[in-house]
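Asks: Show me how the following folds:
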Amino acid sequence: MTLTRFVSKNAFRNKRRSILTILSIGGSLLLLTFLITIWRSFYDSKPSEESAQRLIVRHKVSLVFNLPSYYRQKIHALPHVKEVVNQQWFGGQYMDDKPEHYFAQFGTDPQELLKVYPEFKLPADQLEAWQHDRAGAIVDVGLANKFHWKVGDRLNITGKIFPVNLELTIRGIFTPPDPTQSIYFNKDYINEGFPRLKGWEGFFGVLADSPDAVPRVAEAVDEEFRNADRPTKTESEHAFQLGFIGMLGNIKAFIMSICLAVVFTILLVSANTMAMSIRERTREVAVLKTLGFTRNSILGLFVGEAVSLALVGGLIGSLLCYFVVKAMASQGGMFTGMEVTPITIAAALVIAVVVGFASSFVPSYHAAKVNIVDGLRHIG
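Replies: Reported below is the predicted structural model:
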């Protein structure tokens with residue numbers, strides 16, 4: 001019998017306890033992998049090449065306050081600014097208020113949108129049809145597949161922020177590099193139904209001529225309107241998206257605290273299991289020593305058992321999380337585009353191994369020091 005075989009046999013000598021331990025560790029690692037995935041998706045993801053050249057200009061205080069439409073021309077006249085498009089968050093309701101029916105709706109300028117978002121792939125005939133239909137809209141291909149929309153379908157959205165109900169016709173289906181879960185329509189539609197919004201915009205999307213020019217453009221825009229009645233805050237598109245997340249609170253601290261709690265829980269579960277297992281095998285340790293096993297080899301056997309259980313549980317939990325996140329991402333919402341990467345799975349497995357080692361080292365060390373005579377006399 002090899003040492004590997006010896007470890008695997010002893011790790012499952014009490015099958016019920018071992019399986020329950022694996023399931024406990026697997027459930028904890030599923031949650032931990034999920035939290036790591038959220039962290040990486042929110043804070044470690046790198047913007048695309050096009051996104052790195054884009055900025056968002058909004059009111060300095062809050063998105064709740066609109067900006068004058070004439071800011072668009074002033075922004076466009078600044079150095080290193082390539083294109084500018086106005087956008088207005090609509091926040092309407094499609095079908096009902098169920099989360100699975102939620103998606104973003106933006107009023108914009110059909111003539112300028114794809115100049116600022118060139119990565120949105122839309123057939124030329126569909127773009128032309130949208131630009132010539134004031135009640136037309138273009139939709140993300142992911143949304144189209146989810147709701148089984150096609151070009152020519154009618155789309156009714158009930159206004160919740162503005163007293164306007166949209167009756168749109170889908171004129172195009174665009175394909176973005178990453179899912180956006182969004183639709184775009186002509187903002188003039190809102191202006192006609194709610195004249196008080198005419199001459200105002202929610203925010204502006206700005207395309208700089210190069211990624212290196214983004215900081216200079218942001219500084220120039222804010223300087224231009226520093227003393228205006230409605231000062232601006234200009235930031236990269238990625239920073240703007242993180243700002244939305246920041247509205248929920250200190251997400252970083254929240255995720256970190258839960259991760260620490262999960263790791264501590266795994267440590268307790270694994271330590272309790274190994275302490276019970278090693279205590280029951282005191283006489284066995286004495287027998288192994290009489291057969292010539294050294295302290296280090298006995299220590300390695302017990303630690304190997306704990307690491308094996310933790311590793312199996314971690315593998316089950318992280319792989320299960322992969323499929324859970326994949327299913328959630330397909331439903332859209334805040335999990336759109338989120339995925340469990342191999343690096344995340346590897347990190348979860350490393351944590352499982354470290355926890356397995358840490359939880360078993362102390363009881364294994366004490367067991368390896370047991371005197372042969374005392375061990376054989378032990379009754380437990």
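
Asks: The stretch 151-300 of the chain: helices as residue ranges?
Replies: Secondary structure of the stretch 151-300 of the chain, counting by DSSP state H, counting those that start in this stretch: helices at 188-193, 214-224, 237-246, 251-279, 282-290, 295-330.

Asks: Arg17 is in contact with Leu309, correct?
Replies: No. If you go by C-beta atoms under 8 Å, Leu309 and Arg17 don't touch, sitting 9.7 Å apart. No exception for glycine: its C-beta is placed from N, CA and C like everyone else's.

Asks: among the helices of the stretch 151-300 of the chain, which is nearest Lys121?
Replies: helix 237-246 (18.3 Å; C-beta to C-beta).

Asks: mean confidence score for that closest one?
Replies: Across helix 237-246, pLDDT averages out at 69.

Asks: same check, this time on stretch 303-317
Replies: Stretch 303-317 shows a mean pLDDT of 86.

Asks: what separates it from the chain centre, distance-wise?
Replies: 26 Å (C-alpha atoms, centre = their mean, to the nearest Å).

Asks: Run through who's touching it.
Replies: With contact meaning C-beta atoms under 8 Å, 6 or more residues apart in numbering, stretch 303-317 is reached by 3, 7-8, 10-11, 18, 21-33, 266, 270, 273-274, 277, 348-349, 351-353, 355-357, 359-361, 364.

Asks: Drop anything exposed from those residues.
Replies: Those of the contacts of stretch 303-317 that meet the buried threshold are 7, 10-11, 18, 21-22, 24-33, 266, 270, 273-274, 277, 348-349, 351-353, 355-357, 359-361, 364, by 16 or more other C-beta atoms under 10 Å.

Asks: Settle this for me: Asp222 is touching Thr234, isn't it.
Replies: Yes. Asp222 lies in contact with Thr234 (C-beta under 8 Å); the separation is 5.2 Å.

Asks: With neighbour numbers in mind, choose between these two.
Replies: Taking other C-beta atoms under 10 Å, Asp222 and Thr234 do not tie; Thr234 has more neighbours (26 against 16).

Asks: residue contacts, that one?
Replies: Thr234 sits next to 55-58, 206, 217-219, 221-222 when contact means C-beta under 8 Å, 6+ apart.

Asks: Over to Ser360?
Replies: Contacts of Ser360 by C-beta under 8 Å, 6+ apart are 270-271, 274, 278, 302-303, 305-307.

Asks: Looking at these, which one is closest to Pro195?
Replies: Using C-beta to C-beta, Ser270 comes nearest to Pro195 of the contacts of Ser360, at 65.5 Å.

Asks: Before I go, just wanted to say thanks for your time.
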